[in-house]
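# Build me a structure from this.
(one chain, ligands or ions: 2)
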Amino acid sequence: MRNGRVRIERVVVREIPLELREFFEISSGGTQARRVVLLTLEADGITAWSECVTGETPGYSYETTDTAWHVLTKWLLPALVGAEVEDGRELHPVPWLRGHPMARAAIEMAGWDLEAKRRGQSLRQLLGATRGAVPVGVSIGIQPRNEDLIARVEGYLDEGYRKIKIKIKPGRDAEMLGAVRNRFPDAPLMADANSAYTLAHDLPRLRAMDSCNLMMIEQPLAHEDLLDHSALQREIRTAVCLDESIRSVEDARLAHHLGSGRIINIKPGRVGGFASAIAIHDLCVAAGWPVWCGGMLESGIGRAFNVALAALPGFTIPGDISDSRRYWARDIVWPEFKMKDGTMPVPDGPGIGVAPDIERIEALTVRKAVFEG
Ligand code: OSB
Ligand code: MG
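Ligands and ions are numbered 1, 2, ... in the order given. Predicted coordinates for the structure are as follows:
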């Protein structure tokens, strides 16, 4: 345990390309080649890591790899280097900067890794979470053919995943989900629309999906909407789960007040970091809403944060936290993430509890900015 103030001496942000093993399509578009932004903070002889979860296109959020790079290198990181705090979790440079929660979260979460490593604790311990393993599922991109989708669902169920999330879009929805449900009458299935529908035009389609006995339907309506989701939740039996619409604890309070769903998918990057994610978790526990931890096709570095967060007690629904092998031919951390009996073990080494493969990361780096002082 190191006491006293800690000063951020050096900060490095890098971009590395990382090829997904399989093309991943959501309603707004597809990804094969991820452009992963990694952050390291050096302080007190410790190197803390984090991953910025932005996507390549502004199809999920307005933030992208390039907007995060801009906001980090122009505003956030110059203000971070030289900063001194009592606790790494207090690193919040540039309080006047509006928006850009994913860019800000990268700093905040690196601060959690730093603080955990200073204390010789795992992220899970620093969070006060007690579970040593968390139930997990898998998210399957839109498949053009039902038989390919069914083969994947079958494979993942055989592997032991406890929730199968199927991406949908208009034209690949009710009929397709019905075919999967027919084949797997009791499987824990859900759908994620990534905002592909409107209440005004698509209620009949949404009603058709309502009869597929899904665990939930995630983010059917507009990415910033809460009002229409509230109206929709009154029209269907299936639980509505909010993803894109929840960017802060204030959004979660509104969602509870309006009844805009019954479940929240918490992604720490989307909501600005761990502190915000914990506040949303606590609010949901108090309101009786179950939560689960979503994913953004992270490398093992981002995944380590998700697994630790999901060890909090309100995360009762399996998260979108899958094996490293489900995403990558080879992950950039050691050991890789490997599910056992439908659960992901939570690393218990200091901080993120996995070791980034620094040599490989360095070799893969296509751009890098260094801040010292
Ligand atoms: O909506 O949850 C989503 C990936 C990219 C963008 C949005 C989403 C997703 C996923 C992937 O569903 C989940 C994972 O990382 O396994
Ligand atoms: Mg989603």
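
# Okay, helices next: where are they in the stretch 151-300 of the chain?
Remark: helices assigned in the stretch 151-300 of the chain by DSSP state H, counting those that start in this stretch are 174-183, 199-210, 227-235, 249-258, 274-287, 300-309.

# Quick one, which of the ones you listed gets closest to ligand 1.
Counting by Cβ to the nearest ligand atom, ligand 1 lies closest to helix 300-309 out of those; the figure is 8.1 Å. All C-beta atoms are positioned from the backbone trio N, CA, C, and that covers glycine.

# Show me what from the stretch 51-200 of the chain comes close to ligand 1.
Those residues of the stretch 51-200 of the chain that sit near ligand 1, judged by Cβ under 6 Å from any ligand atom, are 60, 139, 192, 194.

# Run a quick neighbour tally on the second one.
When neighbours are defined as other Cβ atoms under 10 Å, residue 139 has 24 of them.

# In this structure it contacts residue 161, no?
No: using Cβ atoms under 8 Å, residue 139 is not in contact with residue 161, being 9.9 Å away.

# show me where pLDDT drops low in this protein?
Screening the chain residue by residue with the criterion pLDDT under 70, one finds the ranges 1-3.

# Would you mind finding the longest strand in it?
As far as residue count goes, and with DSSP state E defining each element, the longest strand of the chain is strand 10-26.

# buried set for it?
Across strand 10-26, burial judged by 16 or more other Cβ atoms under 10 Å covers 11, 12, 13, 14, 15, 16, 18, 20, 24, 25, 26.

# Report the contact partners of the residue nearest to residue 340 when sequence neighbours are not counted.
Sequence neighbours aside, residue 133 is the residue nearest to residue 340 in space, at 7.2 Å (criterion: Cβ to Cβ, 6 or more residues apart in numbering). The neighbours of residue 133, taking Cβ atoms under 8 Å, 6 or more residues apart in numbering as the test, are 340, 343, 344, 345, 346.

# which strands and helices sit next to the helix or strand hosting residue 370?
Mapping residue 370 onto the secondary structure by DSSP states H and E places it in strand 367-372. With contacts taken as 3 or more Cβ pairs under 8 Å, 6 or more residues apart in numbering; DSSP states H and E, strand 367-372 sits against strand 10-26, helix 77-80.

# Contacts for stretch 214-221, please.
Applying Cβ under 8 Å, 6+ apart, the set of residues contacting stretch 214-221 is 163, 165, 177, 188-199, 202, 206, 209, 228-229, 232, 236, 238-245, 262-263, 265, 317.

# roughly how far apart are the residue nearest to residue 340 and residue 345?
Here the distance between residue 133 and residue 345 works out to 5 Å (Cβ to Cβ, to the nearest Å).
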